[in-house]
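>>> only the shape, not the letters, is given here:
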């Protein structure tokens, strides 16, 4: 059973009128994905940060204060998503959440909720300048692969998708789908992640599901502008789409983007493809580790 229908969100940021507004919104999104047959539903990076709209103006304008206040909502956030995954029988990757550890540091976590009630998470490994210099979020150091009846998947949160070794390790550990929740405030940022996602799909001959945050939030100093297109990318080979794009949304339009993918096909193309990028990865090593020869081409 390797066929799976993936829903990846172009999720809009809203100014919430209260906790019940948030419950109704997330419930409606998960219900819609399930009604369209989705078995995995992916929300983007920092989608949880719209919860900051529930706090007073003095909290909304203070990055440190809002991260501290967010901890008061974490248990309710987890309970809501756990129940929705169980109710609708969908694996839900929730919008990532800044979580405070016992030592006082913060990590950016994408929680995974299974229909059976299991909850786990993948932390972001590499921080952007905003996260490390202004938000003071620390890097994670543990990669995971999540097993499901459809096959295994890994998570690369936003910036992580721009570095090849993380997805490589996860694919080597059995993941045929990489999930990339992102939050980007400019087309430059969106395209960096998009190009990273397609590069990971190309070199690992796997699927990549990219979720994005969209819309403006002038009340926020963390996610004030958000843009992009959710998508599902594939290996670029015979039997897949010619451009490696299985599905992609309209720019900044709130919606789910759906794709039916057969995770077993990524294993097949690694054996029978026109090129064997995944197998040939190690062939880079001899040249990559050898001393560079400098060639003087002369001067005019």
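Alright, I've got the coordinates. Given the structure is predicted, the values throughout are model-derived calculations rather than measurements.
>>> which strand or helix spans residue 6?
Using DSSP states H and E, residue 6 sits in strand 3-12.
>>> which residue lies nearest the spatial centre of this protein?
residue 181 (1.9 Å; CA atoms, centre = their mean).
>>> now for it: which residues touch it?
42-45, 47, 93, 95-96, 110, 155, 157-158, 211 (CB atoms under 8 Å, 6 or more residues apart in numbering). C-betas here are computed from N, CA, C, even on glycine.
>>> could I get these as CSV with distance to residue 284, neighbour count and secondary structure?
What follows is those, written out as CSV (distance: CB to CB, whole Å; neighbours: other CB atoms under 10 Å; DSSP: H, G, I helix; E, B strand; the rest coil):
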residue, distance to residue 284, neighbour count, secondary structure
42, 31, 30, strand
43, 35, 26, coil
44, 32, 31, coil
45, 30, 28, coil
47, 36, 26, helix
93, 31, 27, strand
95, 36, 27, coil
96, 32, 30, coil
110, 30, 29, strand
155, 25, 31, strand
157, 26, 26, coil
158, 26, 30, helix
211, 30, 32, strand
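>>> could you dump the residues you listed to a markdown table with pLDDT?
As requested, these are exported to a markdown table (pLDDT from 0 to 100):
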| residue | pLDDT |
| --- | --- |
| 42 | 98 |
| 43 | 98 |
| 44 | 98 |
| 45 | 98 |
| 47 | 97 |
| 93 | 98 |
| 95 | 98 |
| 96 | 98 |
| 110 | 98 |
| 155 | 98 |
| 157 | 98 |
| 158 | 98 |
| 211 | 98 |
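>>> the closest residue to residue 212 other than its chain neighbours and residue 181, how far apart?
Once flanking residues are discounted, residue 212 sits nearest to residue 228: 3.3 Å by CB to CB, 6 or more residues apart in numbering. Applying CB to CB, to the nearest Å, the value for residue 228 to residue 181 is 11 Å.
>>> about what we covered before: so which of the contacts of residue 181 is the closest to residue 217?
The closest of the contacts of residue 181 to residue 217 turns out to be residue 47 (CB to CB; 11.2 Å).
>>> give me the secondary structure label for the residue nearest to the centre of the chain.
strand (DSSP: H, G, I helix; E, B strand; the rest coil).
>>> partner residues bridging it?
residue 211 (DSSP bridges).
>>> what about it, distance to residue 254?
16 Å.
>>> can you pull out the helices in the stretch 51-200 of the chain?
For the stretch 51-200 of the chain, the helices defined by DSSP state H, counting those that start in this stretch occupy 57-60, 63-70, 74-88, 129, 164-172, 187-204.
>>> can you check which of the ones you listed gets nearest to residue 51?
Per CB to CB, nearest to residue 51 of those: helix 63-70, 6.4 Å.
>>> contacts for that closest one?
Contacts of helix 63-70 (CB under 8 Å, 6+ apart): 48-49, 51-52, 55, 58-60, 97-98, 100, 106, 134-136, 221-222.
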